[in-house]
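Student: Quick one: sequence and predicted model below, then my questions.
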Amino acid sequence: MTPQPPRVQTTANPPIPGGFAVVVVAAGSGTRLGQGIPKALVRVGDRTILEHCLTGITTSGVTADDGDWDEGPVVVTVPAGDTGLTDVARSQGAVAVTGGADRADSVRNALEHLRALGCRPRGVLVHDAARCLAPTEVFARVARALVDGQEAVIPVLPVVDTIRAVDGTGACQGVVDRSGLRAVQTPQGFDWDLLLAVNDAAADHPEVSVTDDASLVEKFSDRTVHTVAGDDAALKITRPLDLVLAEALLARTLNRTEPRP
């Protein structure tokens, strides 16, 4: 197995609750990244995006004490016909399942796999593989919120850019008040039964399109989605510039954790 670089974790914080299942969404083609391979196989430093992601999940401790499941509590969704990501997942102790036509279908396939195992995790975290450098503190905040009784939790950041509304012709319609706006990240955390229920409901309404799992909770349940603080390091690698930023962030993190002479 490839040696795993150290990751930053604040030891002053209380221990991160374990017993969670994690669904890693990694079935994207990565067309906008322009590397000609599935995004999660692209390398950041000397390791693939998926390797970084799975290392972060393991280091966070959210899957610790996972009981007597026959398979690991981390399920990775991969493109149909994939072998490369499947091999990476297995090497890191995760299970790979074929994703669907869109994100919601992919997550549903992963949940069906977990349901077939007969497991009842403490909760489920759904994480984008492309946010492969998400710090352990973000996992901790989401996990603790679920343990404290919240049923749907998302990490968010304040919106710092000026946002303008435009019409169909491109004409400006004024500045949008950004004080109540937040940019959403992952991992997103959910009560196990709630996430199963909203995904089952969504399967009966294929006309409903969503971009994250919290939207399913809002559309197909009466539960409230709560927020915790995200982190700039949990950027999503989508475009070539994002890859440059991730490389720089990784280099800075390694430089801070390497022993000094």
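Tutor: Received, thanks.

Student: Below-threshold pLDDT in the stretch 151-261 of the chain: ranges please.
Tutor: Across the stretch 151-261 of the chain, the ranges flagged by pLDDT under 70 are 256-261.

Student: residue boundaries of the helices in it?
Tutor: Under the criterion DSSP state H, counting those that start in this stretch, helices of the stretch 151-261 of the chain are mapped to 192-203, 213-220, 240-257.

Student: Need the winner for burial among those helices.
Tutor: helix 213-220 (a mean of 20; mean count of other C-beta atoms under 10 Å). Every residue, glycine included, has its C-beta placed from N, CA and C.

Student: the inter-axis angle of it versus helix 192-203?
Tutor: Comparing the axes of helix 213-220 and helix 192-203 via axes from the mean of the first three to the mean of the last three C-alpha atoms, to 10 degrees yields an angle of 70 degrees.

Student: same for helix 213-220, what does it pack against?
Tutor: The contact analysis (3 or more C-beta pairs under 8 Å, 6 or more residues apart in numbering; DSSP states H and E) places helix 213-220 against helix 103-116, strand 152-158, strand 188-190, helix 192-203.

Student: Of those, which is nearest Asp212?
Tutor: Minimum separation from Asp212 across the helices and strands packed on helix 213-220 (C-beta to C-beta) falls at strand 188-190, 6.4 Å.

Student: Residues contacting the closest one, please?
Tutor: 20, 123-127, 142-143, 145-146, 150-155, 212-214, 217 (C-beta atoms under 8 Å, 6 or more residues apart in numbering).

Student: Report the beta-bridge partner residues of Val126.
Tutor: On the basis of DSSP bridges, Val126 is bridged to Val23, Gln188.

Student: Can you get me the start-to-end distance on stretch 220-227?
Tutor: Length of stretch 220-227, first residue to last, C-alpha to C-alpha, to the nearest Å: 19 Å.

Student: which residue packs closest to Leu85, ignoring adjacent ones?
Tutor: Val78 (4.3 Å; C-beta to C-beta, 6 or more residues apart in numbering).

Student: okay, now the one you found: neighbour count?
Tutor: Residues near Val78, counting by other C-beta atoms under 10 Å, number 27.

Student: Who are the contact partners of it?
Tutor: 26-27, 38, 40, 85-86, 89, 96-99.

Student: again with Thr224
Tutor: Counted by C-beta under 8 Å, 6+ apart, Thr224 has contacts 151-152.

Student: Roughly how far does it sit from Ala214?
Tutor: 10 Å (C-beta to C-beta, to the nearest Å).

Student: who touches both of the two?
Tutor: Here Thr224 and Ala214 have Ala152 as joint contacts, going by C-beta under 8 Å, 6+ apart.
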